[in-house]
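[1] fold the stuff below for me.
(2 chains)
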Amino acid sequence: MAVTLFLPTVLARLADSGTLQSEGDTVGQVVNDIAGRYPDLAPRLRDEKGDPYAFVTFYLNDEDIRFTGSFESPVKDGDELTIVPAIAGG
Amino acid sequence: MSTTVPATSELSNEEIFRYSRHLILPEVGLEGQRKLKRARVLLVGVGGLGSPAALYLAAAGVGTLGLVDFDVVDATNLQRQVLHGTSAIGKRKLDSARERIEDLNPNVKVEAHETPLTSRNALEIIGTYDIVVDGTDNFQTRYLVNDACVLLGKPNVYGSIYRFEGQASVFAAANAPCYRCLFREPPPPGLVPSCAEGGVLGVLPGIIGTIQTTEALKLILGIGESLAGRLLLVDALRMSFRTLNLRKDPECPSCGTHEITELIDYEEFCGVRQAAAADAAAQSAVPEITPAQLASRIARGDDFDLIDVREPHEWDIARIPGARLIPLGSIVEALPTLDSARDIVVHCKVGGRSAKAVQQLQASGFRKVWNLAGGIARWSDDVDPTVPKY
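    I've put the predicted structure just below:
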């Protein structure tokens, strides 16, 4: 399944661009694909065990994946995965 | 501090004329304007986000504005903190804010709380207000504001910024999710740079702060669709605005399970003290040289290498003559170009990154390495004031 992944600028500098194309059947597979291609980005997306952090939220289209099966959430062609990290500036 | 509500929410003829563009909006009208006058809004922080919020809430006729801040105006604030002017440099932000607000709208009552918001005072301070606008700049205060608002049942109008991007929502409104539903825990200290470290486009807090203000005004007026239950993401470079659904997490310790029944130690929760202690230990563990000592070595014509581990855009702003630029992230690959037989002095902006570089060099077998205490900023203070500080 072809998925488009959107990174905020703080993470985009660790990849080629803020918009990445990936393939996978689940969010976890998409994240693994991206993590494999961008080793510097990998530790910012998930912890050492491959689980999501409590301070980085993944949205599949408009929904928080924690409520749809976390990294096991299935993806379909054309889905958009948006990564929302905690920021604190004011 | 007085906690009395204004004696009357009747509008004077001067106020009716002043707010005429509101009064002719059927969605606001006389009753809406009276609601604004009766409203008590607390701004936590009067910096980047708090500046536009204070200005527009005051202009709109919100009757009482509480301000929490304990900072003084610094020249580096003025690129984005439009509440304060050049003449306010060195003044307390609360004094500068009060003067500007009173000039903008003398009908607004300003209540100044010159203190950091803490677990000890947050419930007492927030408790007397209807709505909180979170304009803080650190995770520990954001979790504190969130938990206090959930415990008190006060809406928390959230905004946060970094470089070119911002987030906004309304947390803890009736049945709405809270900040912990979005981010259960903060990132470890140092992972997410602050605006002071990472920079921020000056107008960005203007965009996000005015969105927060819009949400606060809608809550007071009881009109429109609130951002409660939605997260707004703003990207100024793409100029994209996107809202995502925010769900109430039944496992949220604050608003879900309610296991947080009182305010906790947020510095501990965010790991701030531990990180500060580790930083201090790391810095004290490396050999240091003061700017004056470095200047003496240069004047004597000593043979040594001076390495600047800042980023190229910082190097463009200011540099110490004779230095060589090797950004911290490239120091490992640059090792073969360094001579461990020679004395090496390493510097950055204020001494933190260079302490890490010294440790990396020591770990690679370098023995004659020193960290420039206070970095190029202290070099400017102590040795060469023609080097600009940033």
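
[2] what sits against residue 34?
    Looking at chain A here, since you left the chain open. Contact partners of residue A:34, counting by C-beta atoms under 8 Å, 6 or more residues apart in numbering or on different chains, are A:5, A:15, A:20, A:22, A:41, A:42, A:45. Glycine gets a C-beta too; all of them are placed from N, C-alpha and C.

[3] my question was about chain B, not that one.
    B:9, B:10, B:11.

[4] now it: which helix or strand?
    helix B:29-38 (DSSP states H and E).

[5] mean confidence (pLDDT) on that helix, please.
    The pLDDT scores in helix B:29-38 average 98.

[6] over to stretch A:45-58?
    94.

[7] please state the offset of it from the chain centre?
    When distances are taken as C-alpha atoms, centre = their mean, to the nearest Å, stretch A:45-58 is centred 9 Å away from the chain's centroid.

[8] now it: buried residues?
    With burial defined by 16 or more other C-beta atoms under 10 Å in any protein chain shown, the residues of stretch A:45-58 counted as buried are A:45, A:46, A:52, A:53, A:55, A:56, A:57, A:58.

[9] now render those residues as JSON lines, adding distance to residue A:32.
    Shown next, in JSON lines, are these (distance: C-beta to C-beta, whole Å):
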{"residue": "A:45", "distance to residue A:32": "9"}
{"residue": "A:46", "distance to residue A:32": "9"}
{"residue": "A:52", "distance to residue A:32": "12"}
{"residue": "A:53", "distance to residue A:32": "15"}
{"residue": "A:55", "distance to residue A:32": "20"}
{"residue": "A:56", "distance to residue A:32": "15"}
{"residue": "A:57", "distance to residue A:32": "18"}
{"residue": "A:58", "distance to residue A:32": "13"}
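
[10] of those residues, closest to chain B?
    residue A:55 (4.2 Å; C-beta to the nearest C-beta).

[11] so what's the closest one up against?
    Taking C-beta under 8 Å, 6+ apart, one finds A:85, A:86, B:183, B:184, B:185, B:186, B:187 in contact with residue A:55.

[12] apply 6 Å and report the result again.
    Counting by C-beta atoms under 6 Å, 6 or more residues apart in numbering or on different chains, residue A:55 makes contact with A:86, B:183, B:185, B:186, B:187.

[13] who in the stretch 101-250 of chain B is up against chain A?
    Contact residues (C-beta under 6 Å from any C-beta of the partner chain) of the stretch 101-250 of chain B with chain A: B:135-139, B:142, B:160-165, B:183-187, B:195, B:200, B:244-245, B:247.

[14] now the buried members of these.
    B:135-139, B:142, B:160-165, B:183-187, B:195, B:200, B:244.

[15] filter the residues of the stretch 101-250 of chain B next to chain A down to the ones in strands?
    If you go by DSSP state E, these have B:160, B:161, B:162, B:165, B:244, B:245 in strands.

[16] could the residues you listed go into CSV alongside pLDDT?
    Below are these laid out as CSV (pLDDT from 0 to 100):
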residue, pLDDT
B:160, 97
B:161, 96
B:162, 93
B:165, 96
B:244, 96
B:245, 95
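
[17] and chain B, which of the contacts of residue A:34 reach it?
    Checked against chain B using C-beta under 6 Å from any C-beta, those give no members in range.

[18] so of those residues, which ones are in helices?
    When DSSP state H is applied, these are split such that A:42, A:45 fall in helices.

[19] residue contacts, residue B:98?
    Counted by C-beta under 6 Å, 6+ apart, residue B:98 has contacts residue B:110.

[20] assign it to helix, strand or coil.
    Under DSSP: H, G, I helix; E, B strand; the rest coil, residue B:98 falls in the helix class.

[21] how near is it to residue B:111?
    Noted for residue B:98: a distance of 10 Å to residue B:111, by C-beta to C-beta, to the nearest Å.

[22] between the two, which contacts overlap?
    Contacts common to residue B:98 and residue B:111, judged by C-beta under 6 Å, 6+ apart, are absent.

[23] residue B:343 touches residue B:367, doesn't it?
    No. Between residue B:343 and residue B:367 there is no contact under C-beta atoms under 6 Å: 9.9 Å.

[24] quick one, strands of the stretch 251-390 of chain B?
    Under the criterion DSSP state E, counting those that start in this stretch, the stretch 251-390 of chain B contains strands at B:288-289, B:304-308, B:323-325, B:343-347, B:369-372.

[25] who does the residue nearest to residue B:297 when sequence neighbours are not counted form a beta bridge with?
    Of all residues not flanking residue B:297 in the chain, residue B:304 sits nearest, at 6.5 Å (C-beta to C-beta, 6 or more residues apart in numbering or on different chains). Taking DSSP bridges, one finds residue B:343 as the beta-bridge partners of residue B:304.

[26] for the nearest residue to residue B:302 once chain neighbours are set aside, give me the pLDDT.
    Excluding the flanking residues, the one nearest residue B:302 by C-beta to C-beta, 6+ apart is residue B:343, at 7.4 Å. At residue B:343, the model reports a pLDDT of 96.

[27] and residue B:343, how far from chain A?
    Residue B:343 sits 32 Å away from chain A, going by C-beta to the nearest C-beta, to the nearest Å.

[28] got the residues of chain A near chain B?
    Residues of chain A lying close to chain B (C-beta under 6 Å from any C-beta) are A:8-9, A:54-55, A:59, A:62-64, A:67, A:86-90.

[29] buried ones among these?
    Buried among the residues of chain A next to chain B (16+ other C-beta under 10 Å): A:8, A:9, A:55, A:59, A:64, A:86, A:87, A:88, A:89, A:90.

[30] low-scoring stretches of chain B, by residue?
    B:1-8 (pLDDT under 70).

[31] with just CA atoms, put the one helix or strand in chain A whose mean pLDDT sits lowest into PDB.
    Of all the helices and strands that make up chain A, helix A:9-12 has the lowest average by mean pLDDT, DSSP states H and E, namely a mean of 87. Output in PDB follows, covering the C-alpha atoms of helix A:9-12 (Å, rounded to 0.1, in the frame of the first residue of the first chain):
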ATOM      1  CA  THR A   9      10.400  20.600   9.800                       C
ATOM      2  CA  VAL A  10      12.200  19.600  13.100                       C
ATOM      3  CA  LEU A  11      12.300  16.000  11.800                       C
ATOM      4  CA  ALA A  12      12.400  16.700   8.000                       C
END
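
[32] what sits against the residue lying closest to residue B:283 once chain neighbours are set aside?
    Spatial nearest neighbour of residue B:283, chain neighbours left out: residue B:355 (4.6 Å); criterion: C-beta to C-beta, 6+ apart. Neighbouring residues of residue B:355 by C-beta under 6 Å, 6+ apart: B:282, B:283, B:286, B:371.

[33] distance of residue B:355 from chain A?
    Taking C-beta to the nearest C-beta, one finds residue B:355 at 22 Å from chain A.

[34] over to residue B:270?
    Residue B:270 is 9 Å from chain A, by C-beta to the nearest C-beta.

[35] wouldn't that residue be in contact with residue B:188 here?
    No. Contact criterion C-beta under 6 Å: residue B:270 and residue B:188 do not qualify, at 8.7 Å.

[36] ok, these two, which is more surrounded?
    residue B:270 (23 against 13; other C-beta atoms under 10 Å in any protein chain shown).
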